[in-house]
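K.L.:
sharing a model that was predicted from the sequence below.
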Amino acid sequence: MKHIFLIHSHTLFLTAMGVLDFLKIDKEAVVFLYSRHYSNSLIEPGCKTVDVTDLADRQEQLLDNRKRKGLLDEIDKLIDHVAGSSFVLYAPHFAMVFAQALYTHKKCVKAAYIQEGGMIYRKSITTHLSFRQKLRCFVADKLYRHTDRIWRAYGWYMPVKLNKQRDLDSYAISDEYFKYLPSTNHIIRWPHVDMPLAIKDNAHVFVFDGFVKNGLVEQEFYLDKCKKLVDKFAQPFNYIKFHPAQSQEECDTIKSYFDRQGRKYEVLDNSIPLEIVLASTSGLSVIGFGSSLLYFARDLGHIVHCMDKWLHGSPLYMQYKVRYGLDDF
């Protein structure tokens, strides 16, 4: 029996490593499928890794009647090569048609969920389909797509679609993330590593996110709340974690808030995943708004100041919370 993991982020990689340790799986029986050009220089997984970025990037072809068979043939050929036998699939969710194509492969015997984020999106879990949703699924699956390999997804999980198994398992660092999923959740631990940088004891880490670039908060409103965050929590020395989606101008503006107070800081390079820092240290104070990293920090035992409610005055942010059923911290 093989164990195949879909991995496109540091969070998924760390969770997968925790699953291997929890289940005591022989790494000779494990395959990590990397997409989004994922790479990791800090931890060697010790198992077979295969880059499937090209196949995963073309997953929209699975929705095209003219191109589907060709891509399915490529996916099946790859899985036949790397598995060679029956396998268990570990995926973050099944809204991705690429994950659906792997689950419906003839050699897949069952699937399990692994944690990829920290924020709980309640509306991503569909446990009951209305008559209208069932009708739309029927039309999409039977009359339009003409295939039993993929399905119309209303979220990460849909009843009856994971039909190769009676029971469903999930793996996460706490019971919070999958609390709306009808699964048996298993608590795993992320691996600890020797850090390439020394984090000061009891440090304050400010986490800023790409809310403005992603259209979730108005720029002026967000920067005003960032200033308020710095004014309230900045210490004589601080660490700052910016999001790759933040512009240089936005980062410079936020740094100026520390400068005006005479507070020293170090910007954590994005090449060092904060998830690994959080898993490999203790006693940090992590400060920010509604970022997954704050949820990870809480679940890993750090002190967290999540000022998400300061963003409730933003119409864009409240639309985002309602749209995804985002729980408060």
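P.N.:
Everything's here; your move.
K.L.:
can we go C-alpha only for contacts and neighbour counts from here?
P.N.:
OK.
K.L.:
for the stretch 51-200 of the chain, just list every one of the helices.
P.N.:
53-57, 68-82, 97-103, 131-138 (DSSP state H, counting those that start in this stretch).
K.L.:
may I see those arranged in JSON lines, with mean neighbour count as well?
P.N.:
Converted to JSON lines, those look like this (neighbours: other Cα atoms under 10 Å):
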{"stretch": "helix 53-57", "mean neighbour count": "15"}
{"stretch": "helix 68-82", "mean neighbour count": "15"}
{"stretch": "helix 97-103", "mean neighbour count": "22"}
{"stretch": "helix 131-138", "mean neighbour count": "13"}
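K.L.:
can you redo those helices as JSON lines with distance to residue 226?
P.N.:
Shown next, in JSON lines, are the helices of the stretch 51-200 of the chain (distance: least, Cα to Cα, whole Å):
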{"stretch": "helix 53-57", "distance to residue 226": "35"}
{"stretch": "helix 68-82", "distance to residue 226": "45"}
{"stretch": "helix 97-103", "distance to residue 226": "38"}
{"stretch": "helix 131-138", "distance to residue 226": "41"}
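K.L.:
closest to residue 274 out of those helices?
P.N.:
Each of the helices of the stretch 51-200 of the chain was scored for nearness to residue 274 using Cα to Cα, and the closest is helix 53-57 (23.5 Å).
K.L.:
can you show me the CA trace of the closest one as CSV?
P.N.:
In CSV, the C-alpha atoms belonging to helix 53-57 read as follows (Å, rounded to 0.1, in the frame of the first residue of the first chain):
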residue,chain,number,x,y,z
THR,A,53,3.2,21.5,-11.1
ASP,A,54,2.5,21.2,-14.8
LEU,A,55,-0.3,18.7,-14.4
ALA,A,56,-1.9,20.5,-11.5
ASP,A,57,-1.7,23.9,-13.3
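K.L.:
for it, packing partners?
P.N.:
For helix 53-57, there is no helix or strand it packs on, judged by 3 or more Cα pairs under 8 Å, 6 or more residues apart in numbering; DSSP states H and E.
K.L.:
centre of the chain to it, how far?
P.N.:
18 Å (Cα atoms, centre = their mean, to the nearest Å).
K.L.:
so which residues make contact with it?
P.N.:
34, 35, 36, 37, 71, 75, 98 (Cα atoms under 8 Å, 6 or more residues apart in numbering).
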